[in-house]
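Novice: here is my input, please return the structure:
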Amino acid sequence: MRKYPFLLTITALIIALTLLVTGCQVSNNPLDGKVVQADTIDTDNDEQIEDNKELSEEEKKAELDKKIEERKILEEQRKQELGEFYVPLLPLDEERKIEKIEAKGLFVTGHVAGMPIDKSNVEMYAQYAKALHEKDNTKINELKSKVEKLNKFERILGIAVATEINSLVIDVKDDDGLMTYKSEIPIVEQVEANRSIRIKDINSLMELLKEYDIYPIARIVTFKDKNLASHRTDHAIQLKSGGVWRDNKGVAWVNPYDKFVWNYDIAIAREAILNGFKEIQFDYIRFPDNAKKYNPITEFPGRDGRAKDEAVEDFLEYAKQELEQYKVNLAADVFGVITKSWDDKPEDIGQTWRKMAKSIDYMCPMIYPSHYGQGWYGYQVPDQEPYGVLAGALKEAIERNASLESPPIIRPWIQGFTAPWIKGHINYTSKEIREQILAGKELGINEYIVWNAGNTYDPLAYFLSEAEKDVVTPDKRQDKEKDLIGRTPESVLKDYLSAEKNKVFSKMYLLTPIKDRPYDYEEFKTGIEGLNLKLVKFEVKEYNLIDDNNAEVKLSYEYTSKAEEKELKAISEEDTWKLKKEHGIWKVIRPELKPVQIEEKASN
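Specialist: Predicted coordinates:
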């Protein structure tokens, strides 16, 4: 853990040594918090480089002293502004870049991450995992009794050494709102969130992960925080009758509209970044479920008429802004069902895909087959269909994502546990886990995180299966007429017109090019309704592929409309509409239709 009072002194010494030894150039911006190596400076600016090369050691030291002094002043200002939420900026000498990898990860609790590690045990478990995969019975029998004595974290690290696992999602603030390592943030100490420390030395843990080349993701449980809600009751969800509302398990939640709560979680995120985490993953970034039951009896100070999904949207926008200078990836865990639901209905938990996705780098839908009820994706018992449920939900997610100007990366949480409470459940072995991974790969989604609350993982699940070796990803398919989720221009136009006929405006929104519609859905819906057109019938005929991203589709249709008590019609026996691929999804370029008063069919 970095001790803040010594941060500036240590930073100054490191920078001074670095500058004197390497002659690196310091950025002209005193507030940008980074040292710029000479080879990263704009090579076109030869005059500036030449000038800097000619600086004497005294001049270099003077520049360094100036920057250190400016940083001291800035940090003092931030201490005054942030108060109990204060966390320093990245050190001046830390040249951090945002790191992007195809994360294949496992969830780790603070308790497990805090377990002691013997590196020889990690290597032993890696050998054991490989022996299992290779069916080397001699090696398996040699190691079996030994590996049974290893702790869970040694096994997890061994899996990462032996398999494709390259990331760990580690609890930083857990489901009770408690820190897993000791925080130096004043507000965290004030609300006693440090009272259950499980990771005794966070610096040693991060160095260990770095040694094993593991991408560290900090899980911060956000609005389900009974600790903060209990210590600062004025920042909890309130009962209209007075007092703090609690869910059916007696747990108090903090108020997602409350900026105090936002600053609390962002401060924890900042500290996690200083400790070496490369990504912040906000979990429980939602309101409690069972909203129909609590909505009438609760109130949310600071709501100001906003919908719940606006609160979550605003928080993520704020987090992105506040964490920008910390050079980190942002992710959000969301209910799997939001790949299908629209505008936070009927769940009413504050999660709407397009509103959340625009401010984050990774969208992480929790697509656990056991969490879906009868009939979802056409399955009687979805828990029995890991491949089909993942494929169905991810196709919806891809379509949602394609409606955004700058879509995040989709990285699903997948089921790594058996759900005995589900009638007709199946055991989730390495086969079922791998089927979920396969469903993603076939759609071009190569990232995943596995949820197992007990952190018990079967290493066989993280070796490439035979089925995956023959996977043809969307970018390598020969049938270029199909989009990322396997639809042709013809089938997409049918979907679009069926949606129009049945007034499913959300589907029309998703299948309309971004530049051809407003971002706001309600405005889009009002615009379609304002056309005053009723689609009576249509028939989609053949299509012609112009190139990989453009097509023309022939169709016939009949629309009716009314104006000044007159019935108008737009009829065509053979028209041609254009479609284009946008973010890999076919979209319909709708032509302007002008109904006229006619008594017989005519070509439009």
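
Novice: low-confidence stretches in the stretch 351-500 of the chain?
Specialist: Counting by pLDDT under 70, not a single residue of the stretch 351-500 of the chain qualifies.

Novice: nope, the chain is what I meant
Specialist: Within the chain, the stretches falling below the threshold (pLDDT under 70) are 1-53, 598-604.

Novice: let's go with 90 and repeat that
Specialist: Scanning the chain for pLDDT under 90 picks out 1-65, 92-96, 346-347, 470, 472-478, 480, 562-566, 594-604.

Novice: what's the longest helix in it?
Specialist: helix 57-82 (DSSP state H).

Novice: if I pick residue 308, what's in contact with it?
Specialist: Residues in contact with residue 308, defined by Cβ atoms under 8 Å, 6 or more residues apart in numbering, are 256, 287, 291, 344, 348-350. Placement of C-beta: from N, CA and C, glycine included.

Novice: which residue ranges of the stretch 51-200 of the chain form strands?
Specialist: Listed in chain order, the strands found in the stretch 51-200 of the chain under DSSP state E, counting those that start in this stretch are 104-108, 167-173.

Novice: just say which of those strands is most tucked in.
Specialist: With neighbours defined as mean count of other Cβ atoms under 10 Å, those peak in mean count at strand 167-173, which reaches a mean of 26.

Novice: ok, and what's touching it?
Specialist: 101, 103-110, 113, 156, 160, 179-181, 193, 209, 214-221, 225, 265, 268, 272, 277, 281, 449.

Novice: are any of these buried, and which?
Specialist: In the contacts of strand 167-173, burial by neighbour count holds for 103-110, 113, 156, 160, 179-181, 193, 209, 214-221, 225, 265, 268, 272, 277, 281, 449, counting by 16 or more other Cβ atoms under 10 Å.

Novice: of the strands of the stretch 51-200 of the chain, which is nearest residue 58?
Specialist: When the strands of the stretch 51-200 of the chain are ranked by distance to residue 58, counting by Cβ to Cβ, first place goes to strand 167-173 at 44.2 Å.

Novice: tell me the angle of that closest one relative to strand 104-108?
Specialist: Using axes from the mean of the first three to the mean of the last three Cα atoms, to 10 degrees, one finds that strand 167-173 and strand 104-108 are set 30 degrees apart in direction.

Novice: pull the distance from strand 167-173 to the chain's centre.
Specialist: If you compare the mean C-alpha spot of strand 167-173 with that of the full chain, they lie 14 Å apart, counting by Cα atoms, centre = their mean, to the nearest Å.

Novice: now do stretch 474-494
Specialist: What separates the centre of stretch 474-494 from the centre of its chain is 26 Å, taken as Cα atoms, centre = their mean.

Novice: same check, this time on stretch 570-580
Specialist: Centroid separation between stretch 570-580 and its chain, computed with Cα atoms, centre = their mean, is 39 Å.

Novice: okay, buried residues for it please.
Specialist: By neighbour count on 16+ other Cβ under 10 Å, the buried set for stretch 570-580 is 570-572, 575, 577-580.

Novice: could you do stretch 276-292 as well?
Specialist: In terms of neighbour count (16+ other Cβ under 10 Å), stretch 276-292 has its buried residues at 276-288, 291.

Novice: quick one, helices of the stretch 501-604 of the chain?
Specialist: Along the stretch 501-604 of the chain, the stretches classed as helices by DSSP state H, counting those that start in this stretch are 505-510, 521-530.

Novice: okay, those, which one's buried deepest?
Specialist: The densest packing among the helices of the stretch 501-604 of the chain, expressed as mean neighbour count by mean count of other Cβ under 10 Å, is seen in helix 505-510 with a mean of 19.

Novice: so what touches that one?
Specialist: The list of residues contacting helix 505-510 from outside it, by Cβ under 8 Å, 6+ apart, reads 342-343, 399-400, 402-403, 495-496, 499-500, 517, 521, 524-525, 528-529.

Novice: ok, now with 6 Å
Specialist: Where contact means Cβ atoms under 6 Å, 6 or more residues apart in numbering, the residues beyond helix 505-510 that reach it are 342, 399, 403, 499-500, 521, 524-525, 528.

Novice: next: stretch 129-141.
Specialist: Identification of contacts with stretch 129-141 by Cβ under 6 Å, 6+ apart yields 159, 162, 459-460, 463.

Novice: try 8 Å this time
Specialist: Contacts to stretch 129-141, defined as Cβ under 8 Å, 6+ apart, come from residues 127-128, 143, 158-159, 162-163, 459-460, 463.

Novice: about what we covered before: in helices, which of the contacts of strand 167-173 fall?
Specialist: Cross-referencing the contacts of strand 167-173 with the helices (criterion: DSSP H) gives 110, 113, 156, 160, 209, 265, 268, 272 as the overlap.
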